[in-house]
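Trainee: next one to model:
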Amino acid sequence: GLIFGLRGSIEKVATRVFLLTPSGTEIVAGEAAGAHPRDGFFNQS
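Mentor: The predicted structure follows:
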């Protein structure tokens, strides 16, 4: 109920995965600017 009390929204992004966002937040699909897929998730450099 908190997300609705703050006028936010809930979006289903995958199977059993939901994104709860506050009002005024825009979600853009696609790759983030500056993201480097070759670096991998655990790149510590």
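Trainee: what is the burial count for Leu20?
Mentor: Residues contacting Leu20 under the criterion other Cβ atoms under 10 Å number 13. Where C-beta positions appear, they are placed from N, C-alpha and C, glycine not excepted.
Trainee: my read: it touches Ile10, true?
Mentor: Yes - when contacts are counted by Cβ atoms under 8 Å, Leu20 is listed as touching Ile10 (5.4 Å).
Trainee: any common contacting residues for these two?
Mentor: Overlap between the contact sets of Leu20 and Ile10, as judged by Cβ atoms under 8 Å, 6 or more residues apart in numbering, is given by Ile3.
Trainee: which residues in the protein form helices?
Mentor: All helices of the chain, identified by DSSP state H, fall at 2-5.
Trainee: low-confidence regions, it specifically.
Mentor: Filtered on pLDDT under 70, the chain yields the residue ranges 30-45.
Trainee: let's see it at 90
Mentor: Screening the chain residue by residue with the criterion pLDDT under 90, one finds the ranges 1-14, 18-45.
Trainee: got the contact list for stretch 17-34?
Mentor: Here stretch 17-34 makes contact (Cβ under 8 Å, 6+ apart) with Ile3, Leu6, Arg7, Gly8, Ser9, Ile10, Glu11, Lys12, Val13, Pro37.
Trainee: excluding residues flanking it in the chain, which one is nearest the second one?
Mentor: If you skip the residues right next to it in sequence, Leu6 has Pro22 as its closest partner in space, 5.7 Å away by Cβ to Cβ, 6 or more residues apart in numbering.
Trainee: any idea how far the one you found is from Ile10?
Mentor: 11 Å (Cβ to Cβ, to the nearest Å).
Trainee: which ones are touching Glu11?
Mentor: With contacts defined as Cβ under 8 Å, 6+ apart, the neighbours of Glu11 are Phe18, Leu19, Thr21, Ile27.
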